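> One predicted model, sequence on top.
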Amino acid sequence: MARVFVITGPSGVGKGTLIRGLLDRVPGLQLAVSATTRQPRPGEEDGVDYHFLSDAEFDRLVREGGFVEHATYSGNRYGTLRSELERRLARGAGVVLEIELQGARQVRASMPEAVQIFIAPPSPEALRARLVGRGTDDAAQVEDRLKAAERELAAQDEFAHVVVNDRLEHATDELEAIVRSALAA
Ligand code: ADP
Ligand code: 5GP
């Protein structure tokens, strides 16, 4: 049976890095490409990293019920496209949604069977260092994301699975084990 895996956690914790490792290891697992109104970062491609939409396009999809969930994060809008999720569910063994906390809560309400995984940093200092080290956000954005991180970290007990991303290899092993066990169930 195809399964939905929700992976959430503060910005900079390593979700994208872990998911890349996970997709390499688990055949048939796919990542749903989200929609956002945020500007593309250098190197990001439309349709690959995100579907980059205008506010008006995003609004139209909200009105038409085109999103499984959507939320505003750090001044931009993000959402999981229903069409994208359904298309990938039909094709693969499982689909990963990499989304923030409000979206994860909406999916928990509408799809309680989805497997919910929270990625936590080894420490707040490590999170700041990763966010700064990634070099994709200016100082104000880093502070905004760290403020959001406090709220997100306080919610980790809501999640069935919490993986601490300390050593990348170890965290990837843990994530893989959770996904394989759900796919085998
Ligand atoms: P997210 O997708 O959660 O915003 P990223 O995957 O972009 O986070 O990772 C943020 C930064 O942290 C990247 O520069 C990445 O290389 C680094 N990183 C990820 N996992 C680890 C880890 N276990 N130890 C050290 N650095 C890491
Ligand atoms: P970024 O701007 O760093 O790519 O993403 C910012 C935050 O938005 C991250 O926490 C990421 O997980 C989240 N995000 C990405 N796509 C979606 C989505 O489709 N829905 C929701 N709710 N959050 C998303």
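Looks like it came in fine. Ligands and ions are numbered 1, 2, ... in the order given.

> Can you classify Val162 as helix, strand or coil?
Following DSSP: H, G, I helix; E, B strand; the rest coil, we place Val162 in the strand state.

> That one contacts Glu152, correct?
No. Using CB atoms under 8 Å, Val162 is not in contact with Glu152; the gap is 11.9 Å. Using the backbone N, CA and C atoms, a C-beta is placed for each residue, glycine as well.

> Who has more neighbours out of these two?
Glu152 (22 against 15; other CB atoms under 10 Å).

> Mind listing the residues bridging to the residue nearest the centre of the chain?
A centroid search over the chain (CA atoms, centre = their mean) returns Glu98, at 1.6 Å, as the residue closest to the centre. With DSSP bridges as the criterion, Glu98 is bridged to Ile7.

> Contact partners for it?
The contact partners of Glu98, taken as CB atoms under 8 Å, 6 or more residues apart in numbering, are Ile7, Thr8, Lys15, Gly16, Ile19, Leu31, Ser34.

> Confirm for me that the first one is in contact with Ala114.
It stands for Ile7. No. Counting by CB under 8 Å, Ile7 stays clear of Ala114, with 10.5 Å between them.

> Mind checking which of the two has more residues around it?
Using other CB under 10 Å, the more surrounded residue of Ile7 and Ala114 is Ile7, with 26 against 19.

> Okay, the residue nearest to the centre of the chain and His70: tell me how far apart.
From Glu98 across to His70, the span is 14 Å (CB to CB, to the nearest Å).

> now do Arg63
Applying CB to CB, the value for Arg63 to His70 is 12 Å.

> What values do phi and psi take at the residue lying closest to Arg25 once chain neighbours are set aside?
Counting by CB to CB, 6 or more residues apart in numbering, Arg25 lies nearest to Glu176, which is 5.2 Å off, once chain neighbours are set aside. Torsion angles at Glu176 (phi, psi; degrees, to the nearest 10) stand at phi -60, psi -40.

> Please apply the same query to Leu53.
Main-chain torsions, Leu53, degrees, to the nearest 10: phi -120, psi 160.

> Identify the residue nearest it in space, chain neighbours excluded?
Nearest non-adjacent residue to Leu53 (CB to CB, 6+ apart): Ala35, at 5.2 Å.

> now the one you found, which residues is it bridged with?
Going by DSSP bridges, Ala35 forms beta bridges with His51, Gly79.

> could you list every residue that touches it?
Counting by CB under 8 Å, 6+ apart, Ala35 makes contact with Tyr50, His51, Phe52, Leu53, Phe58, Leu61, Phe67, Tyr78, Gly79, Thr80, Leu81.
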